[in-house]
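Asks: Got a sequence here, can you build the structure:
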Amino acid sequence: MNTTNRLASLLALTAALAGCGGAADKTSTPAPSPTPAPTPAPAPIPATPVSVNFVQPTSNVLEPNVSESLSVNVLVNGSQAPNGTVATFTVNPASAAALAPVAPTTVSGVANTTLTVSSLPPTATFQVAATVTSSANTATDSLTYFVRPARKPLQVLVPAYFSATGTTSPWVTLTSGATSYPDVKITAIANPSSGVLTADTKEDADLTKAIKAFQAVSGTSNRVIGYVATTSTSSGALSVADIKATITNYIRLYPGLFDGFFLDGMATDSSRVAHFQEVYTHVKGLTTGLTTGATPPSAPIVIGNPGTYPVAAYAGVADTLVTYAGNAAAYANIDPQPGNTWVYAKDNTAQAMLVHTASTCTDMQTVVKNANRPRMNTGVVYATNLATGAPWSALPTYWQQMLGTVDALNKQRTLPLC
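Replies: Okay, here's the model as predicted:
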C-alpha cells in the first residue's frame, strides 16, 4: 500500500472511533444543564387608597352623662393621612350621645373627638362610626357601646361555711374585719346543716351568737343570709315545697337573724325559670321572722348561684346572681360580651363572683380589679387562696387586705400593699 492510501485509511479509522465512542468518551466534559428560568417576583399588593380604624377604647361600657375620648388612625395609600384630612363621626341613634367635634381633622394620621353619653336608661346600646373620604375613596369603621347604671360601691360576699365554735372561729376574724372596715358592706352566707333544714334540725347556738356579734358591729350595714340547697346529690333538683320548708325552718330556728337567702345550685337554662320565680316570690313575700338591718325594714334579699352566666330571665328571679364561681386563672378569661350583654341592664351589685385559688394577695387584687371593670359590671366580690376541695372552709389569709382593697377601690385610693 502506498503512502497516500495508508494515510487515508488511518484518517478513516480515527473518524470511525470518534463516532462510536470509546475511551475518548470517558475524558470528555458533559454538556452543561440548561439554566432554569427565574421565578417571577409576586406582584406588589397595592396600598389601600384610604383606611380608618378606631383606637380601641379602654371600655365600651359607659354610664349616663359620662364623657369618653375617641381616636381613629387614618391611612392614605398605606401612609399616614396628610394633616388636615377630615374624619366625620356619627352616632346611631343620634340621641344616644353627643360628639365634639363632629368632623375633626388628622394630625400625624390621628383624628380625635369626645363622646358624651346622654341621660339614657340602662340597656341602651348605640354605635359610633367614623368615615374618611380621600379623592374618590371612602372608608368607615364603627364601635358598639353599652350603657349601664351608674356604678355602686363594691361589696363583699363571704361563703361563711365554717364552724362558729370557739374563740378562733373564722366568724371572729370575719367580725374583726368588719370592725376595721365599716364602710365595706359585707354579706355573710351562713350554712347550717348544708342548706337543708327539716323539722328535726336543731339550732346551732354558736352560730346564733356569731351572727349577732357580726351584726352588732357599729356603723355597718352588713347582712347575713341563709344557705339554701336547691339540689340534692341523691334526688337531683329539690321541689319548691322542699325549698320553702328549709326557709321556714331557718325562720323558726333563727328568728330575726337573717336578711334573706342564698339559693345554691340555681339552674342556667330557661326550663327552670318558673321554679325559681316561685321561690323568689315566696321569699319576697315574707314579712315576719327576718331582719334586713334597715329602718324601716326592706324586703328580704335573694342571691342565686348558677355559677356562670344563665339565660337573661334569671336576672328577674334574684336580686344578685353569682355569674362566676371558680378558680382565679379562669376568671381572667370571663367576658359578658358578646353573649351576655343583658348584665349591663342591671346595677353592678346585681352580679357577684366567688373566686378560689387566688394564691397570693396580688392574685386577689387582680381578680377584684377585674370584677370592678365596667365591662365585667360585677359589684359583689370574694376571693380566697384556698383551693378546690374546700375553698369556703375558712377565710383567706389576706382577709384584711381584701377588705382594704375593696375600700380603696371604692374611695379611689391607692391599693394596700400585699
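Asks: contacts and neighbour counts: CA atoms only from here.
Replies: Will do.
Asks: Helices of the stretch 201-350 of the chain, residue ranges please.
Replies: Remark: helices assigned in the stretch 201-350 of the chain by DSSP state H, counting those that start in this stretch are 205-215, 240-253, 273-284, 328-331.
Asks: Report all helices and strands that the shortest one contacts.
Replies: Translated: helix 328-331. On a contact count with 3 or more CA pairs under 8 Å, 6 or more residues apart in numbering; DSSP states H and E, helix 328-331 meets strand 351-356, helix 361-372.
Asks: ok, 10 Å please
Replies: strand 320-327, strand 351-356, helix 361-372 (3 or more CA pairs under 10 Å, 6 or more residues apart in numbering; DSSP states H and E).
Asks: Burial-wise, tell me which of those comes out on top.
Replies: With neighbours taken as mean count of other CA atoms under 10 Å, these reach their highest mean count in strand 351-356, at a mean of 26.
Asks: what packs against it?
Replies: Under the contact criterion of 3+ CA pairs under 10 Å, 6+ apart, strand 351-356 touches strand 155-160, strand 301-305, strand 320-327, helix 328-331, helix 361-372, strand 380-381.
Asks: about what we covered before: of the helices and strands packed on helix 328-331, which is nearest T113?
Replies: helix 361-372 (26.5 Å; CA to CA).
Asks: now the strands for the stretch 1-150 of the chain?
Replies: Taking DSSP state E, counting those that start in this stretch, the strands of the stretch 1-150 of the chain run over residues 50-54, 61-62, 67-76, 79-80, 87-92, 97-100, 110-117, 125-134, 137-147.
Asks: Need the residues that contact the second one.
Replies: Contacts of strand 61-62 with the rest of the structure, by CA atoms under 10 Å, 6 or more residues apart in numbering, involve 68, 116-117, 122, 125, 144-151, 341, 344, 373-377.
Asks: where does the stretch 101-250 of the chain dip in pLDDT?
Replies: For the stretch 101-250 of the chain, the stretches flagged by pLDDT under 70 are 120-123.
Asks: could you redo the last one with a cut-off of 80?
Replies: Along the stretch 101-250 of the chain, the parts satisfying pLDDT under 80 run over 120-123, 233-235.
Asks: thinking again about what came up before, quick one: closest of the strands of the stretch 1-150 of the chain to I334.
Replies: Taking CA to CA as the criterion, strand 61-62 is the member of those that comes nearest to I334, at 15.6 Å.
Asks: I'd like the strands of the stretch 1-150 of the chain as JSON lines, with mean neighbour count and distance to L207 appended.
Replies: Listed next are the strands of the stretch 1-150 of the chain as JSON lines, based on neighbours: other CA atoms under 10 Å; distance: least, CA to CA, whole Å:
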{"stretch": "strand 50-54", "mean neighbour count": "22", "distance to L207": "56"}
{"stretch": "strand 61-62", "mean neighbour count": "20", "distance to L207": "42"}
{"stretch": "strand 67-76", "mean neighbour count": "20", "distance to L207": "49"}
{"stretch": "strand 79-80", "mean neighbour count": "16", "distance to L207": "68"}
{"stretch": "strand 87-92", "mean neighbour count": "20", "distance to L207": "56"}
{"stretch": "strand 97-100", "mean neighbour count": "18", "distance to L207": "52"}
{"stretch": "strand 110-117", "mean neighbour count": "20", "distance to L207": "48"}
{"stretch": "strand 125-134", "mean neighbour count": "19", "distance to L207": "47"}
{"stretch": "strand 137-147", "mean neighbour count": "16", "distance to L207": "42"}
